[in-house]
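S.K.: dropping the sequence and predicted coords here.
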Number of protein chains: 2
Amino acid sequence: MATYMDVHHGFEGITADQLRQAHQADLAHEKEEGVHFERAWADPESGTVYCLSSAPSKEAVQRVHEKAGHRADEVHEVPIAV
Amino acid sequence: MATYMDVHHGFEGITADQLRQAHQADLAHEKEEGVHFERAWADPESGTVYCLSSAPSKEAVQRVHEKAGHRADEVHEVPIAV
């Protein structure tokens, strides 16, 4: 398992409810891919969403987001953290 | 106080030691600006570093990074989180 940060654009005006619903949709699909979405942060002004996950691969992260209906624009493995 | 995610590019090949040193430099300057850098994640392959902080303003986050010698390419307030 590795740690990933993924980024979504185009979420201008996202609300707390919408972020929670999107995160719930990820949680509903993550087990089948062995992924766990830990946290997500949203900037409604620029429409950017960051998701932190642990997963077996970048592709597994993207598959969960696709099943949940919101493909990520970037998925980065972040093997180094403080 | 609000929550911020900032992004640095150009850190291809960054090591765990280098990330730790950069984070320590932020910690050494953060008090004078009322900022706290909580976590940071690095992708050495794409050279991207993400920093999560709590701070009084976007400008305060940037001032700490500047004093530490590594200006951020983007600073986003992230008022929504799960």
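M.R.: Yes, it's here.

S.K.: tally of neighbours for residue A:70?
M.R.: Neighbour count of residue A:70, defined by other Cβ atoms under 10 Å in any protein chain shown: 17. Any C-beta I mention is one placed from the backbone N, CA and C, and that applies to glycine too.

S.K.: and the contacts of the helix ranked longest in chain A?
M.R.: Counting residues, the longest helix found in chain A (DSSP state H) is helix A:16-30. With Cβ atoms under 8 Å, 6 or more residues apart in numbering or on different chains as the test, helix A:16-30 has contacts from A:11, A:36-37, A:40, A:42, A:49, A:51, A:53, A:64-65, A:67-70, B:80-82.

S.K.: list the buried residues for it?
M.R.: A:19, A:22-23, A:25-26, A:29-30 (16 or more other Cβ atoms under 10 Å in any protein chain shown).

S.K.: using the three-state scheme, assign the residue positioned nearest the centre of chain A.
M.R.: By Cα atoms, centre = their mean, chain A has its centre lying nearest to residue A:51, at 3.7 Å. Recorded secondary structure, residue A:51: strand (DSSP: H, G, I helix; E, B strand; the rest coil).

S.K.: cool, and residue A:4?
M.R.: strand.

S.K.: with adjacent residues omitted, what lies nearest to the residue of chain A most remote from its centre?
M.R.: Most distant from the centre of chain A: residue A:82, at 20.0 Å, with distances by Cα atoms, centre = their mean. Using Cβ to Cβ, 6 or more residues apart in numbering or on different chains and skipping the chain neighbours, the partner closest in space to residue A:82 is residue B:23 (4.5 Å).

S.K.: test my guess that the residue farthest from the centre of chain A contacts residue B:49.
M.R.: No: look at residue A:82 against residue B:49 with Cβ atoms under 8 Å: they stay out of range, at 10.1 Å.

S.K.: thank you kindly, that will do.
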